[in-house]
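> sequence and predicted structure are below.
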Amino acid sequence: MKKLTLIALAFSFIFISCGRFGNKEMDGTKDMRIVCLSKHLTEYVFALGKGHNIVAVDLTSTYPDSAKLLKTVGYHRALNPEGIIAMNPDLVIHSNDIGPENVLPQIIKAGLNVKAFGGANTIDSARILLKQLGKFFGVENVADSLIKKMDDGIAKAADTLKALNLTDSLKVMIIHFGQRNNTYFVMSGRNGVGDKMIRLAGCTPATYNGKGARGMSAEAVALANPDIIIATDFGYDRMGSMDKFISSVPGVALTNAGKNKRIVRFEEHDLIYFGPRTGDNVIKLINLLHPSASAQKK
C-alpha cells in the first residue's frame, strides 16, 4: 500500500511539473500580468484596451506614453531572463524576434507561460495580428474598429498625397541610431516598413549599398545622395541640433539633404511597423517631406 502511494505521488508530481513547464494556454479575456517583449504588440494591446494588464515591456516599447511608465526588462534582442522571471508574469508575449537564443528556453523552464504573435511588417499582417489579438483578449469588436481606423487613415493619406499634385519624387533616406550597437545605420533601402512609408508619402527610398544595419558607410551615404534624410528621434536628439547632426553623422554633409538642411525628425516606432495610426503617420510624413506643397493646400 505504501509503495502504491509513493508511485501515485510520483505520477502526481510529473503531471504537475508538466503543467507548470508545459506552457499552458491562457484565457486572455481575464485580467493577468503580462510582460510584452515587442514594441508593436505593446501598442496593439493598449489600443485594444488591455494595456492595464501589461506590467513590464522591452526597452523599445515607447508608445503609448503609458508604456514609458512601465518597468523594462531589457532590449528585445538582448534580454535578461532573470528580469522577466522577477516580474512574476502570468504570460509573456513576443513576436519571434527576441534574443539571445537561450532566453525563451530559460523562461519556459522557469514555468512562465509564453505566447508568440505575428509581426506587422505589412498592412495585411497588421490586420491579421489585430484579429488574432482581438480574439485572444475577447475584444473582436474593438479589433475590427482598429482595422477600420487603419484602412480609413491610409485611404485619407492617399487622398492627401493625390491632392498635392506632385510632379517629382524626392529621394529619401532613414538614418537611425541603434542603442544596442551604439552606432548609426541606414534603416531604408531594404524594402522594409520604412521604405513603404516613404513611398506612401510620395517619395522614393534612396538606394544605399552599405553593409546592412550594423554600421554606416560615409561613402555609401554620399553616393546615395538623398534629397531628404529622416533621422529617428533618439539619434537626432542625441546630437542636439540639425547642424550637429549634419556635421557629425558620417556622409550626411556630402548629400543634397545635408547641403540644403533637409533633415526631418521622426519617431522610430512610427517607421518600423504598421498599425491603427499608420494613416496619421503617413500624413505627418507627407507634410514633412513636401512642406511647400502642403502649405499651398492649407
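Now that the structure is in, tell me what you want to look at.

> every contact and neighbour count from this point should use C-alpha atoms.
Noted.

> what residues does stretch 53-73 touch?
Here stretch 53-73 makes contact (C-alpha atoms under 8 Å, 6 or more residues apart in numbering) with 31-40, 42-43, 46, 74-76, 79-80, 83-84, 87, 89, 269.

> just the buried members of those residues?
Listed as buried from these are 32-40, 42-43, 46, 74-76, 79-80, 84, 87, 89, 269; burial here means 16 or more other C-alpha atoms under 10 Å.

> which SS class is residue 287?
The three-state label given to residue 287 by DSSP: H, G, I helix; E, B strand; the rest coil is helix.

> where along this protein do the strands fall?
Taking DSSP state E, the strands of the chain run over residues 34-36, 54-57, 71-72, 91-94, 114-116, 171-178, 183-186, 204-205, 228-232, 263-266.

> among those, where is the model least confident on average?
Comparing mean pLDDT across these, the weakest is strand 183-186, with a mean of 90.

> out of everything not next to it in sequence, what's closest to residue 142?
Beyond its immediate neighbours in the sequence, the residue positioned closest to residue 142 (C-alpha to C-alpha, 6 or more residues apart in numbering) is residue 48, lying 6.1 Å away.

> how close does that neighbour sit to residue 272?
For residue 48, the distance to residue 272 under the criterion C-alpha to C-alpha, to the nearest Å works out to 20 Å.

> and what of residue 187?
9 Å.

> repeat that for residue 97.
Going from residue 97 to residue 272 by C-alpha to C-alpha gives 13 Å.

> could you do residue 191 as well?
Using C-alpha to C-alpha, one gets 11 Å for the distance from residue 191 to residue 272.

> which of those two has more residues huddled nearby?
When residue 191 is set against residue 272 and neighbours are counted by other C-alpha atoms under 10 Å, the residue ahead is residue 272, at 19 against 11.

> check contacts around the more buried one.
121, 192-194.

> looking at the residues you listed, which gets the smallest pLDDT?
When the contacts of residue 272 are compared by pLDDT, residue 192 scores lowest at 93.

> count of residues packed around that residue?
The burial count for residue 192: 15, using other C-alpha under 10 Å.

> check contacts around it.
Per C-alpha under 8 Å, 6+ apart, neighbours of residue 192: 121, 272.

> where does the stretch 101-250 of the chain dip in pLDDT?
Counting by pLDDT under 70, the ranges of the stretch 101-250 of the chain that qualify are 211-215.

> in it, which spans are helices?
Assigned helices in the stretch 101-250 of the chain, in chain order: 103-109, 123-137, 140-163, 193-200, 218-224, 233-239, 242-248 (criterion: DSSP state H, counting those that start in this stretch).
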